[in-house]
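Student: Dropping a prediction and its sequence here:
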Amino acid sequence: MKTRDHIGAIILAGGKSKRMGGDKALLQVSGVRLIEKIARDIKTYFQEIIIITSVNTEAMSSFLPFRVVTDKEKNQGPLMGILTGLYASKYPINFVMACDIPEINVFFLQKMMAFTSDYDIVVPVTGEEMFEPLFAFYHKRVIPHIESLLDKGVRKVIKLFPLCRVKYISLEGEDWYFNLNTGEDYERYLNILRGKEVKG
């Protein structure tokens with residue numbers, strides 16, 4: 001997969017991680033922090049990577065070779081994180097992902113990227129209205145719509161979709177995609193990695 005000159009990447013690492021019981025971005029995976037692994041896995045395919053956070057800003061800046069930007073307003077959820085990232089980015093189109101998605105399928109990413117010129121948002125869907133808005137492409141054209149929603153107190157990312165031109169890409173059968181939401185998810189993922197190492 002080749003880079004696109006006009007596309008950047010935004011990794012959201014500002015969540016409170018209540019169900020995990022700690023900062024998910026700093027979980028150890030194969031000897032590095034999860035946020036480092038994710039950034040390393042995608043950096044080849046985008047012109048820049050921006051980390052958006054409202055916690056541990058200084059700590060992340062100390063070990064990440066990427067720009068770390070603080071949320072414009074704290075405790076406003078991922079919609080604010082997307083807005084902050086789009087403002088901070090130099091590029092009109094940006095891939096936005098959460099910091100708790102440990103695996104990236106390049107071919108699926110490329111499939112999504114192919115629609116970015118014609119749509120405001122390109123987002124995976126796993127079923128009827130079961131979207132994955134934090135693994136999606138957003139054009140800066142959506143900024144006014146996000147601001148309008150936030151001004152009204154609306155924080156759900158999916159409320160943005162009816163206001164924009166959206167391309168939905170099916171995630172059905174894509175078993176590589178999962179989130180690390182809880183300690184159990186994390187342990188399960190580590191066991192998967194250990195299995196791969198044994199086979200390797």
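Tutor: Here it is on my side, so go on. Keep in mind that what you see is a predicted model, and the values were worked out from it rather than measured.
Student: Sort out which residues of stretch 132-146 are buried, please.
Tutor: By neighbour count with 16 or more other C-beta atoms under 10 Å, stretch 132-146 contains the buried residues Glu132, Pro133, Leu134, Phe135, Ala136, Phe137, Tyr138, His139, Val142, His145, Ile146. All C-beta atoms are positioned from the backbone trio N, CA, C, and that covers glycine.
Student: Which strands and helices lie in contact with the top helix by length along the chain?
Tutor: Longest helix in the chain by number of residues, with DSSP state H as the criterion: helix 183-199. Judged by 3 or more C-beta pairs under 8 Å, 6 or more residues apart in numbering; DSSP states H and E, the packing partners of helix 183-199 are strand 28-29.
Student: Do a quick rundown of the strands in this structure.
Tutor: Applying DSSP state E to the chain gives strands spanning 7-12, 28-29, 32-33, 49-53, 67-70, 93-98, 121-125, 135-139, 166-170.
Student: isn't Phe108 right next to Glu172, touching?
Tutor: No - under the criterion of C-beta atoms under 8 Å, Phe108 makes no contact with Glu172, lying 11.6 Å away.
Student: and those two? which has more neighbours close in?
Tutor: It is Phe108, of Phe108 and Glu172, that has more neighbours when counted by other C-beta atoms under 10 Å, with 16 against 8.
Student: low-scoring pLDDT stretches of the protein, where are they?
Tutor: Filtered on pLDDT under 70, the chain yields the residue ranges 1-5, 15-21, 56, 196-200.
Student: quick one on the thing from earlier: let's have the strands of the chain in TSV, adding distance to Thr182.
Tutor: Output for those, formatted as TSV (distance: least, C-beta to C-beta, whole Å):
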stretch	distance to Thr182
strand 7-12	18
strand 28-29	15
strand 32-33	18
strand 49-53	21
strand 67-70	26
strand 93-98	14
strand 121-125	21
strand 135-139	18
strand 166-170	26
